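Asker: What follows is a predicted structure for the sequence shown.
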Amino acid sequence: MAIISTKAIVFSSIKYGDTSLIVKCFTLEEGVKTYMIKGVLKAKKGKLKAAYFQPLTQLQLTASHNNKGNLNSLREASVSIPYESIPLDIIKQSIVLFLSEILSSIIQEEEKNEGLYNYIETALIWLDTHDAISNFHLLFLLNLSKYLGFYPDTSNSDASAFSLLEGSFTNSNYEKLTLINTDLTLFKKLLGINFDAIHTISFNKKERQTLLRIIIQYFELHLEGFKKPKSLDVLETVFS
């Protein structure tokens, strides 16, 4: 068993019994780890507070990692980057809930991935400190695919279609899983931009829903076992 001090991002938190939580975190030092936190729901004092374990909260942890695939124990936790607007904004909260569900389902590795960690950390800080966020989740997911190994190949972007299955542009637009016409135009608007350029693109409600369904389908095709998030309907309601 090793004592580890690491930054971490909370992916999920499940109530266990009446007073405890099982918390899944993405740690900077050792990838995904799951912790049993006993008595935290009744404790009024102590180093661990239930409020620390809200979805995508950024923490500094001291933990005992057993490296046997079992539940780990948490010794200390503190919020490393306090959010100012996310806890007060229903739209940002809905985005965070949606993204935490996706991240929890697709990131499982118990190994360090500094690039992926830094991407998620930076993106969440951006979300907390900006107002033009209606397209944030779309760009977050598309750019996340870089770190998962299937970002769209943009080398032939003048072609008439995009193959979701192949992840590249093509002139063969007769296939079932290809984007053409309006869908292709929408998709191309997101390619190659970062969060600071997000205000330069605008989508109406229907276009945003179409794009989100396209990106979810793209993830389903490239990630084995990926399931459509339960919070998808909530997110679409918030943006309606």
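Answerer: Arrived safely.
Asker: Excluding chain neighbours, what is closest to Tyr218?
Answerer: Leu164 (5.2 Å; Cβ to Cβ, 6 or more residues apart in numbering). To be clear about C-beta, it is placed using only N, CA and C from the backbone, and glycine gets the same treatment.
Asker: those helices in the chain, which residues are they?
Answerer: 90-106, 114-129, 136-148, 181-190, 205-222, 232-238 (DSSP state H).
Asker: is it possible to export the ones you listed to TSV including mean neighbour count and distance to Lys47?
Answerer: TSV is the format used below for the helices of the chain (neighbours: other Cβ atoms under 10 Å; distance: least, Cβ to Cβ, whole Å):
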stretch	mean neighbour count	distance to Lys47
helix 90-106	19	23
helix 114-129	16	23
helix 136-148	19	32
helix 181-190	16	42
helix 205-222	17	37
helix 232-238	15	33
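Asker: how about CSV for those helices, with distance to His65 added?
Answerer: Formatted as CSV, those follow (distance: least, Cβ to Cβ, whole Å):
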stretch, distance to His65
helix 90-106, 19
helix 114-129, 16
helix 136-148, 23
helix 181-190, 37
helix 205-222, 29
helix 232-238, 33
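Asker: Could you say which one of the ones you listed comes nearest to Ser157?
Answerer: Smallest distance to Ser157 across the helices of the chain (Cβ to Cβ): 6.7 Å, for helix 181-190.
Asker: what helices or strands is the closest one leaning on?
Answerer: The contact analysis (3 or more Cβ pairs under 8 Å, 6 or more residues apart in numbering; DSSP states H and E) places helix 181-190 against helix 136-148, strand 161-163, helix 205-222.
Asker: Just put those in CSV and tack on distance to Thr62 and mean pLDDT.
Answerer: Listed next are those as CSV, based on distance: least, Cβ to Cβ, whole Å; pLDDT from 0 to 100:
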stretch, distance to Thr62, mean pLDDT
helix 136-148, 27, 96
strand 161-163, 46, 95
helix 205-222, 34, 94
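Asker: Tabulate these (JSON lines), appending distance to Leu59.
Answerer: Formatted as JSON lines, the helices and strands packed on helix 181-190 follow (distance: least, Cβ to Cβ, whole Å):
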{"stretch": "helix 136-148", "distance to Leu59": "20"}
{"stretch": "strand 161-163", "distance to Leu59": "38"}
{"stretch": "helix 205-222", "distance to Leu59": "26"}
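Asker: quick one, which of these is nearest to Thr27?
Answerer: Nearest of the helices and strands packed on helix 181-190 to Thr27, taken as Cβ to Cβ: helix 136-148 at 15.8 Å.
Asker: what's the domain layout of this protein?
Answerer: By the record's domain assignment, the chain is partitioned as 2-79, 86-238 (automatic domain parsing).
Asker: least reliable of these going by mean pLDDT?
Answerer: Ranked by mean pLDDT, the domains of the chain end with domain 2-79 in last place, scoring a mean of 89.
Asker: Can you verify my assumption that the residue nearest to Tyr218 contacts Leu179?
Answerer: Yes. If you go by Cβ atoms under 8 Å, Leu164 and Leu179 touch, sitting 6.7 Å apart.
Asker: Find residues that contact each of those two.
Answerer: By the contact definition Cβ atoms under 8 Å, 6 or more residues apart in numbering, Leu164 and Leu179 are jointly contacted by Ile214.
Asker: how close does the residue nearest to Tyr218 sit to Lys188?
Answerer: 13 Å (Cβ to Cβ, to the nearest Å).
Asker: same question, Leu177
Answerer: Counting by Cβ to Cβ, the gap from Leu177 to Lys188 is 17 Å.
Asker: what's the answer for Ile106, then?
Answerer: Applying Cβ to Cβ, one obtains 24 Å for the distance of Ile106 from Lys188.
Asker: Spatially nearest residue to Phe150 (excluding sequence neighbours)?
Answerer: Closest residue in space to Phe150, ignoring its immediate chain neighbours: His222 at 4.2 Å, by Cβ to Cβ, 6+ apart.
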